[in-house]
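**Q** Structure, please.
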Amino acid sequence: MEKVLAAVKVGPSKTEIREFPMPEIPDDGALMKIEVAGICGTDVKMYKLPLTGGPVIMGHENVGYIAKAGRKFTERKGFKEGDLVFVEHYVACGKCEWCHSGEYRHCEATDWRYNPDAIRYGYTSAERAPHLWGGFGQYVFLPWNCVLHKVPSGVTPELAGIVTPLANGIEWALFDAGVGYASTVLIQGPGQQGLSQVVSCKQAGADLIIVTGTSKDSKRMEIAKVLGADHVIDVQKEDPRARIKEITGGKGVDVSLDCTAGAGTAPVLLGVEALKRKAGTMLVQGEMTDFPNFPIGRITVKYITIKSARGHSYKACELALQQLASHRYPLELVTTHTFGLKDADYAIKSVGGEGAKDVIHVSLMPWK
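**A** Numbers count the residues shown, from 1 in each chain. Here you go, the predicted model:
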């Protein structure tokens, strides 16, 4: 019987290469040969945690070719064998209120945080048949309720590997925070999410884009300027509050986007101070368990709207793919490193700053 190789998380910060049986493909299912599985900051955090539901094939930013497709799958979804596709990590029920409203990312059937039986690529136990629920393997299984997008011609699998952070940038900056023509924006953190926000804001017509980072982000800051940032601030060398006030003539910015992946309370506090005097919007991500002396008074006096970053929509993914196909911005600068399957452990740790240097977006290529 043909076997499938995958890098499996078997414990905190521990990976093993394991074999799985090649699954039988039902009439309404398909099999995708993985070309690129992107690694993000969430993977770095999840990799360090204990197992809760069994070993996991991680990888939720997945691009590949349809290797096998059942007849009903092709009829219903419009994808055939040989198509290059991006599969979202959500595997929703298709029946609930959230799914019917197009917000399947909130469906309980794919909410791994609260539902132990949830299916989501990169998070579901490899013990659950047909086992192939993550991109850190040679193939992934595609059920009838997966969400696929056709990768446009002229976009390589590796470039398509940054669809997820770019879609997040569109969702968070444009749809959630309302960045648009003549907006002034602060983006905190020049990683793959922050750089995606730069492109999204620039494309939307923002007048002023300020990016903050630390001294170790110097190369990322250079790329931020190439992608459209007007100013970059090293918070370890300059007072970011004073510098933002100077840049904006004391007015502050319309929108503050926290792309620091939950780096504590400092980005939130800076965002509060950096926003304009009235009615700014602040978008935050990451999970903070404690926030002593939360500045609720300052937030209410300044009439600040706080929104949380949570995933992406179908439309954001389609727009991200269109953005990549336009080649308007040199987004290939974001795809800095590639690794093979046997180096999955090192690849994840590199994204977390413990391996390769000057990493932004890492592409794990199982066939490399």
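**Q** Now the phi/psi pair for the nearest residue to E19 once chain neighbours are set aside, please.
**A** Nearest in space to E19, with sequence neighbours left out and distances taken as C-beta to C-beta, 6 or more residues apart in numbering, is K3 at 4.3 Å. No exception for glycine: its C-beta is placed from N, CA and C like everyone else's. K3 has phi and psi values of phi -110, psi 160 when expressed as degrees, to the nearest 10.
**Q** can you list the weak-confidence ranges in the chain?
**A** Low-confidence segments of the chain (pLDDT under 70): 262-263, 286-288.
**Q** Please parse it into its domains.
**A** Annotated domains of the chain cover 3-162+334-364, 165-308 [automatic domain parsing].
**Q** gap between the first one and the chain center?
**A** Average the C-alpha atoms of domain 3-162+334-364, do the same for its chain, and the two points are 12 Å apart (C-alpha atoms, centre = their mean, to the nearest Å).
**Q** so how far does it reach from one end to the other?
**A** 20 Å (C-alpha to C-alpha, to the nearest Å).
**Q** I'd like to know how many residues surround the residue nearest to S183 when sequence neighbours are not counted.
**A** Distance criterion C-beta to C-beta, 6+ apart; nearest residue to S183, sequence neighbours excluded, is A206 at 4.5 Å. A206: 26 surrounding residues under other C-beta atoms under 10 Å.
**Q** Tell me who's in contact with A206.
**A** A206 makes contact with 179-185 under the criterion C-beta atoms under 8 Å, 6 or more residues apart in numbering.
**Q** try I57
**A** Counting by C-beta under 8 Å, 6+ apart, the residues that I57 touches are 6-9, 122, 126, 131-137.
**Q** want to try TSV for the residues you listed, with neighbour count as columns?
**A** TSV is the format used below for the contacts of I57 (neighbours: other C-beta atoms under 10 Å):
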residue	neighbour count
A6	31
A7	27
V8	23
K9	26
G122	25
A126	23
H131	23
L132	26
W133	28
G134	27
G135	32
F136	29
G137	28
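**Q** between the residues you listed, which is closest to I296?
**A** G122 (35.2 Å; C-beta to C-beta).
**Q** which ones are touching the closest one?
**A** Contacts of G122 by C-beta under 8 Å, 6+ apart are 43, 56-60, 89, 133-136.
**Q** so it, which of the three states?
**A** Classification of G122 using DSSP: H, G, I helix; E, B strand; the rest coil returns coil.
**Q** Can you tell me the closest non-neighbouring residue to it?
**A** Here the residue nearest G122, using C-beta to C-beta, 6+ apart, is H60, at 3.2 Å.
**Q** Tell me, how many residues neighbour that neighbour?
**A** Neighbours of H60 (other C-beta under 10 Å): 24.
**Q** same thing with I17?
**A** Neighbours of I17 (other C-beta under 10 Å): 13.
**Q** I'd like the numbering to begin with 58 instead of 1 from here.
**A** I'll keep to 58 as the first residue from here, and by that count the last item is I74.
**Q** helices or strands up against the helix or strand containing it?
**A** Assessed by DSSP states H and E, I74 sits inside strand 71-78. If you count contacts as 3 or more C-beta pairs under 8 Å, 6 or more residues apart in numbering; DSSP states H and E, strand 71-78 packs onto strand 60-68, helix 401-408.
**Q** The same query, at a cut-off of 7 Å, please.
**A** The contact analysis (3 or more C-beta pairs under 7 Å, 6 or more residues apart in numbering; DSSP states H and E) places strand 71-78 against strand 60-68.
**Q** what's next to the strand it packs on, contact-wise?
**A** Strand 60-68 is contacted by residues 72-79, 104, 108, 112-115, 183, 189, 193-196, 398, 401 when judged by C-beta atoms under 7 Å, 6 or more residues apart in numbering.
**Q** quick one: the helices in the protein?
**A** With DSSP state H as the criterion, the chain has helices at 98-105, 128-134, 154-157, 214-217, 220-226, 249-261, 275-284, 297-304, 323-331, 353-358, 371-383, 401-408.
**Q** Please consider this matter closed, and thank you.
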